[in-house]
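Chemist: return atomic coordinates for the entry below.
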Amino acid sequence: ILPTMPYEITATRKRPQTFGDLAGQEFVSATLRASIASGRIAHAYLFSGPRGCGKTSTARILARSLNCERGPSAEPCGVCDSCLSIARGSSLDVIEIDGASNTSVENVRQIKDEVLFPPNASKYKIYIIDEVHMLSLAAFNAFLKTLEEPPAYAKFILATTEKHKIIPTILSRCQIFDFHRIENKDIVQHLEYIAKKENVNADIEALHIIAEKSDGGLRDALSMFDQLVSFTNGNLTYSNIIENLNILDYDYYFRFVDILLKTDLQNTLLLFNEVLEKGFEGSHFINGLSSHLRNLLVSKDPSTIVLMQTSQSVQQKYISQAAECPVTFILRALDFANTCAIEYRNASNRRLCVELALLKMANIMNKLKSKTSPPRQSIDETKQNNNEDKEVGVSKSTTPKLEDSPKEQPIEKEKTSPPALKINLPKTSSFSINANIESTIKADVEEKARLNPASIALDWDLFMEKLNEFADAIKDSKPNLFFILTNCKIEDNKDN
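Modeler: Next up, the predicted model:
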């Protein structure tokens, strides 16, 4: 037997009806409430932000607040004929227009003609234009005059996901409100509220997975919520969520990091093969591992744990594993994962690309252990140890083999003698190489003397004579310089 009433999705059925119902947009709701309460109502608003963050819902709430029979009021009553008709979408004084399908000048001209007629039963005639960035340039230009000086009863609410595509002359005529992505904690709180209203059993970790998958869009989260409720018959658990949404269990990432810390190359490759057999792409895995390493990094400091948007139980697991991971390991592993994600798209063997990155990560701890070996001895300690070794060597050098070779004794003395800072080679040296060294040093001295000749004392009278000759030579061609040379006082600085 079919139900008497058609099914309505949760995103539509649970659409916010007041500013207090808006999730994650406190600044926008507080500003609009204050402007309505003070009577400072602009003639044009522009709501900009990503999908599913509440732009159209806010526009409808604003329309209800302005046209409420008990208002304008910061909180619409929701029971008067005007509020009910706006909620149903049947109000004659609140016109919603899809900018994507009404892009021409003719559509804007129709708005200009209709706006001349006052509202039928409400205080204001409100136009809500969604996806306004889809209007053509000619349509924007035709809309300028109406948007700048509309009738007192006309209000325009524009909504867009791409504010940069709207021409500046339109932006300057609107009050702009920038909507941001809704945080995971706000989405989880909203889903938990709806689950209680709908009598749905939902684990908090399952709701966190839905919030992460929605990427800051509440409408996306509600759509997934409806899908999962149907799939699980109203019993949302973590295992059901990851199975239906094709999400890799985060326990795999914890296992991977444990194996990488142990430098277990074999199990690293085997565990990655297990991930691939479950049907996950290598890019999906490496991006998830990057997020896991990032969460480990922010878990190292209590002040940055708030940057990790997960449930409390999962946060404790991250904190426990982060305590075992050196920061250097996390940073290098993040670098390898990021490089792999960049090279993955153009790699001819994508599996090898990921496996190579994992093997590099597994080798990080080996390099860190080699760097943490006992430090090298200082120079003084090395000299002291060498002297001790030499003393021991002298005492042990009384073997018959060394005594029979007297030629080795002078060399042994040279080894034990302190190193000389400067060696003066005699001219009558028996070594043939000394002659070449002397000629090289002599040639070097001559070259330095040629490049840096010795300074010669300056004859003052000769200098003044040459200066006067130079001044006479430039008298006609450079009179200013001639005047300076002949009128300035030049002193003898004693060869300095």
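Chemist: what sits against Arg219?
Modeler: Contact analysis of Arg219 by CB atoms under 8 Å, 6 or more residues apart in numbering lists Ala11, Arg51, Gly52. (Each C-beta comes from the backbone N, C-alpha and C, glycine too.)
Chemist: out of those residues, which are inside helices?
Modeler: Secondary structure from DSSP state H places Ala11 of the contacts of Arg219 in helices.
Chemist: just the buried members of the contacts of Arg219?
Modeler: Among these, those classed as buried by neighbour count (16 or more other CB atoms under 10 Å) are Ala11, Gly52.
Chemist: ok, the contacts of Arg219 vs Asp444, which is closest?
Modeler: Within the set of those, Arg51 lies nearest Asp444; the separation is 76.2 Å, counting by CB to CB.
Chemist: which pLDDT does the model give the closest one?
Modeler: Note on Arg51: pLDDT of 88.
Chemist: and the nearest residue to it once chain neighbours are set aside, how many neighbours does it have?
Modeler: For Arg51, the nearest residue in space outside its immediate sequence neighbours is Gly217; the separation is 5.4 Å by CB to CB, 6 or more residues apart in numbering. As a burial measure, the neighbour count of Gly217 was computed by other CB atoms under 10 Å and equals 19.
Chemist: how close does Gly217 sit to His190?
Modeler: According to CB to CB, to the nearest Å, Gly217 stands 12 Å off from His190.
Chemist: so who does the residue nearest to Arg51 touch?
Modeler: The contact partners of Gly217, taken as CB under 8 Å, 6+ apart, are Pro50, Arg51, Gly52, Cys53, Arg181, Ile182.
Chemist: likewise for Cys325?
Modeler: Contacts for Cys325 were tallied using CB under 8 Å, 6+ apart; they are Val257, Leu261, Leu296.
Chemist: mind jotting down where the helices sit in the stretch 1-150 of the chain?
Modeler: Here the stretch 1-150 of the chain has its helices, by DSSP state H, counting those that start in this stretch, at 10-13, 26-38, 55-67, 81-88, 105-114, 137-148.
Chemist: Lys300 against Thr328, yeah?
Modeler: No: between Lys300 and Thr328 there is no contact under CB atoms under 8 Å: 11.6 Å.
Chemist: what residues are bridge-paired with the closest residue to Ile95 other than its chain neighbours?
Modeler: The shortest distance from Ile95 to any residue other than its chain neighbours is 5.3 Å, reached at Tyr127 (CB to CB, 6+ apart). On DSSP bridges, the residues paired with Tyr127 through beta bridges are Ile95, Phe156.
Chemist: per-residue pLDDT, Tyr127?
Modeler: 92.
Chemist: list the contacts of it.
Modeler: If a contact means CB under 8 Å, 6+ apart, then Tyr127 has Ile95, Ile97, Ile111, Val115, Ala154, Lys155, Phe156, Ile157 as its contacts.
Chemist: how near is it to Ile111?
Modeler: Using CB to CB, one gets 7 Å for the distance from Tyr127 to Ile111.
Chemist: which neighbours do those two have in common?
Modeler: Ile97.
Chemist: how about the helices of the stretch 1-150 of the chain, which one is nearest Val275?
Modeler: Taking the helices of the stretch 1-150 of the chain one by one with CB to CB, helix 10-13 is closest: 32.7 Å.
Chemist: and Asp249, how many neighbours?
Modeler: When counting by other CB under 10 Å, one arrives at 15 neighbours for Asp249.
Chemist: do a quick rundown of the strands in this protein.
Modeler: Secondary structure of the chain (DSSP state E): strands located at 44-48, 94-98, 125-130, 154-160, 175-178, 201-202, 235-236.
Chemist: indicate which one of those strands is closest to Thr339.
Modeler: Distances from Thr339 to each of the strands of the chain were compared using CB to CB; the shortest belongs to strand 175-178, at 34.1 Å.
Chemist: so what strands line up beside that closest one?
Modeler: When sheet partners are counted by DSSP bridges, strand 175-178 sits next to strand 44-48 (parallel).
Chemist: so where's the stretch 151-300 of the chain uncertain?
Modeler: When the per-residue scores of the stretch 151-300 of the chain are filtered using pLDDT under 70, no range remains.
Chemist: Lys55: how many residues sit nearby?
Modeler: 25.
Chemist: tell me who's in contact with it.
Modeler: By CB under 8 Å, 6+ apart, the contact list for Lys55 reads Phe47, Ser48, Gly49, Asp130, Ala159, Thr160, Phe179.
Chemist: just flag the most distant two among those residues.
Modeler: For the contacts of Lys55, the maximum inter-member distance is 13.4 Å, found between Asp130 and Phe179 (CB to CB).
Chemist: okay, helices next: where are they in the stretch 301-450 of the chain?
Modeler: Secondary structure of the stretch 301-450 of the chain (DSSP H, counting those that start in this stretch): helices at 312-322, 327-344, 350-362, 364-371, 379-396, 400-403, 408-416, 433-451.
Chemist: weakest of the ones you listed by average pLDDT?
Modeler: Among those, helix 400-403 carries the lowest mean pLDDT, a mean of 42.
Chemist: now Asn338: closest residue in space, sequence neighbours ignored.
Modeler: Nearest residue to Asn338 in three dimensions, chain neighbours excluded: Ser290, at 6.5 Å (CB to CB, 6+ apart).
Chemist: ok so, going back, which of the contacts of Lys55 has the largest number of neighbours?
Modeler: In terms of neighbours by other CB under 10 Å, those top out with Phe47 at 29 neighbours.
Chemist: spatially nearest residue to it, not counting backbone neighbours?
Modeler: On the basis of CB to CB, 6+ apart, the spatially nearest residue to Phe47 that is not a chain neighbour turns out to be Lys55, at 4.2 Å.
Chemist: and for Thr486?
Modeler: When the adjacent residues along the chain are set aside, Thr486 lies closest to Ala471, with 5.7 Å between them (CB to CB, 6+ apart).
Chemist: who are the contact partners of that neighbour?
Modeler: Listed by CB under 8 Å, 6+ apart, the contact partners of Ala471 are Phe482, Leu485, Thr486.
Chemist: so which of those residues comes closest to Asn363?
Modeler: Distances from the contacts of Ala471 to Asn363 were compared by CB to CB; the smallest belongs to Leu485, at 75.0 Å.
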